[in-house]
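Asks: just the structure for this:
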Amino acid sequence: MSAKLTFILGCTACGKGGLGRELARRLGGEIISVYSMKVYRRMDIGTAKPSPEVLREIPHHLIDVVEPSEEFSVARYVLLAEQAIADISARGRPILVVGGTPLYIKALSEGLFEGPGADPGVRARLQETAARDGAAVLHARLLEVDPPASRRIHPNDLRRLVRALEVFELTGTPISRLQEQWDRDRTRHECTFVGLRRDKEDLSQRINERVRKMFTLGLVDEVRSLCAEAKPLSTAARQAVGYSETLAHLEGKLTLAEAVESVKINTRQLAKSQRTWFRRFARTEWIDVGPNATAEGLAEQLLARPESLWSTSPR
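Replies: As a prediction, the model looks like this:
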């Protein structure tokens with residue numbers, strides 16, 4: 001049975017988390033997080049997780065579900081999210097899906113892309129190339145064979161780079177073309193999409209302030225503590241924006257000032273990639289948010305709409 005989901009989308013640091021929490025408070029709703037890095041335990045500061053106090057106040061799902069040493073896939077995300085949706089629906093509470101990982105949003109709302117199965121030989125060869133020459137070599141190759149995918153996949157996202165090149169080698173067709181099957185105006189659940197949009201200068205200032213706050217709160221110590229754990233960080237965790245740069249600082253490759261600046265630059269690049277992805281969400285109603293907008297004001301704006309937007313039963 002399908003459920004009614006209200007998605008709150010937007011680029012990193014645009015304010016969607018604050019809006020989602022304000023709506024959950026007023027509606028008695030629960031939040032399903034749709035961030036690929038917030039699934040990892042103890043990766044708190046660098047992923048801008050809600051505080052423990054907020055997590056106690058408002059039920060959140062898909063936060064702190066795996067160890068930082070574990071690999072995590074979009075398929076596992078969808079499985080856990082569907083379990084959460086069923087649980088929340090059974091209690092008759094509104095469901096707010098809040099986050100900025102476009103691939104997870106796409107998979108949860110429309111289903112997983114059905115591509116060819118993994119080929120261990122191809123994957124091993126591509127991973128060896130990355131280990132020897134760097135992930136940038138794979139990204140350059142992807143740019144040649146699949147420009148749309150290269151624009152969506154971060155140059156340091158080794159897992160997705162390998163998968164995209166693997167699909168091309170196995171099928172002879174770019175993964176971006178195969179994924180067009182997702183654009184058939186179909187959804188798994190009854191979905192409403194609301195997006196927050198800020199101008200680039202405002203967003204850049206918010207990103208800079210967020211990064212400054214992360215380091216002030218102790219991001220370096222958080223990463224140092226993660227490195228001291230018995231099991232090493234997974235590939236995805238090591239490559240997360242904020243963590244890869246801090247690791248480089250701890251390894252003596254970057255000064256602290258250089259690491260901070262790199263996080264700012266890479267976060268802006270992430271936001272650019274998100275904007276490209278979000279163009280695929282044609283049914284999203286985008287709200288232009290000014291520098292002085294508040295979560296309370298945005299919530300009032302949305303709650304002035306018909307009650308059916310927030311009802312718990314499908315249309």
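
Asks: make it CA atoms for all contacts and neighbour counts henceforth
Replies: Fine.

Asks: okay, and for the stretch 151-300 of the chain, where does confidence drop off?
Replies: Along the stretch 151-300 of the chain, the model assigns pLDDT under 70 to residues 179-187.

Asks: what do you get if the cut-off is 90, keeping everything else the same?
Replies: 151-157, 159-160, 170-189, 235, 277, 279-283 (pLDDT under 90).

Asks: can you pull out the strands in it?
Replies: Ranges of strands in the stretch 151-300 of the chain, per DSSP state E, counting those that start in this stretch, are 190-197, 285-288.

Asks: pretty sure residue 274 contacts residue 105?
Replies: No - with contacts defined as Cα atoms under 8 Å, residue 274 does not count as touching residue 105, sitting 11.5 Å away.

Asks: residue 148 reaches residue 178, doesn't it?
Replies: No - contact criterion Cα under 8 Å: residue 148 and residue 178 do not qualify, at 11.7 Å.

Asks: and stretch 251-259, C-alpha only, in PDB?
Replies: Extracted in PDB, the C-alpha atoms of stretch 251-259 (Å, rounded to 0.1, in the frame of the first residue of the first chain):
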ATOM      1  CA  GLU A 251      47.900  13.100   7.200                       C
ATOM      2  CA  GLY A 252      50.000  16.300   6.800                       C
ATOM      3  CA  LYS A 253      48.900  16.900   3.200                       C
ATOM      4  CA  LEU A 254      47.000  20.100   4.000                       C
ATOM      5  CA  THR A 255      47.300  22.800   6.600                       C
ATOM      6  CA  LEU A 256      44.200  23.400   8.700                       C
ATOM      7  CA  ALA A 257      43.500  26.600   6.700                       C
ATOM      8  CA  GLU A 258      43.900  24.800   3.400                       C
ATOM      9  CA  ALA A 259      41.500  22.000   4.600                       C
END
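
Asks: how far off centre is it?
Replies: 25 Å (Cα atoms, centre = their mean, to the nearest Å).

Asks: try stretch 66-76
Replies: 13 Å.

Asks: for stretch 202-214, same thing?
Replies: Distance, stretch centre to chain centre, for stretch 202-214: 17 Å (Cα atoms, centre = their mean).

Asks: hmm, who's touching that stretch?
Replies: For stretch 202-214, the external contacting residues (Cα atoms under 8 Å, 6 or more residues apart in numbering) are 12, 13, 14, 45, 46, 48, 260, 263, 264, 267, 268, 291.

Asks: okay, the strands of the stretch 151-300 of the chain, which one's buried deepest?
Replies: strand 190-197 (a mean of 18; mean count of other Cα atoms under 10 Å).

Asks: so what strands line up beside it?
Replies: With DSSP bridges as the test, strand 190-197 is paired with strand 4-10 (parallel), strand 285-288 (parallel).

Asks: sorry, back to before: so can I have a markdown table of the strands of the stretch 151-300 of the chain showing distance to residue 297?
Replies: Formatted as a markdown table, these follow (distance: least, Cα to Cα, whole Å):
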| stretch | distance to residue 297 |
| --- | --- |
| strand 190-197 | 13 |
| strand 285-288 | 12 |
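
Asks: who wins for proximity to residue 250 among these?
Replies: Closest of these to residue 250 is strand 190-197, at 34.8 Å (criterion: Cα to Cα).

Asks: and that closest one, how far out from the chain's middle?
Replies: Mean C-alpha position of strand 190-197 versus that of the full chain (Cα atoms, centre = their mean) differs by 15 Å.

Asks: pull the CA atoms of that strand into PDB?
Replies: Extracted in PDB, the C-alpha atoms of strand 190-197 (Å, rounded to 0.1, in the frame of the first residue of the first chain):
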ATOM      1  CA  GLU A 190       1.900   9.600  -3.400                       C
ATOM      2  CA  CYS A 191       4.600  12.200  -3.400                       C
ATOM      3  CA  THR A 192       4.600  15.900  -3.100                       C
ATOM      4  CA  PHE A 193       7.900  17.700  -3.800                       C
ATOM      5  CA  VAL A 194       8.700  21.100  -2.300                       C
ATOM      6  CA  GLY A 195      12.200  22.600  -3.000                       C
ATOM      7  CA  LEU A 196      14.000  25.500  -1.400                       C
ATOM      8  CA  ARG A 197      16.100  27.600  -3.700                       C
END
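
Asks: need the contact partners of it.
Replies: With Cα under 8 Å, 6+ apart, strand 190-197 has contacts from 2-11, 14-16, 109, 283-289, 309, 314-315.

Asks: which of the residues you listed count as buried?
Replies: With burial judged by 16 or more other Cα atoms under 10 Å, the buried subset of those is 3-11, 14-16, 109, 284, 289, 309.

Asks: tell me the buried residues in the longest helix belonging to the chain?
Replies: What stands out as the longest helix in the chain, according to DSSP state H, is helix 256-278. By neighbour count on 16+ other Cα under 10 Å, the buried set for helix 256-278 is 256, 259-268, 270-275, 277-278.

Asks: show me what residue 66 is bridged to.
Replies: Going by DSSP bridges, residue 66 is paired in beta bridges with residue 40.
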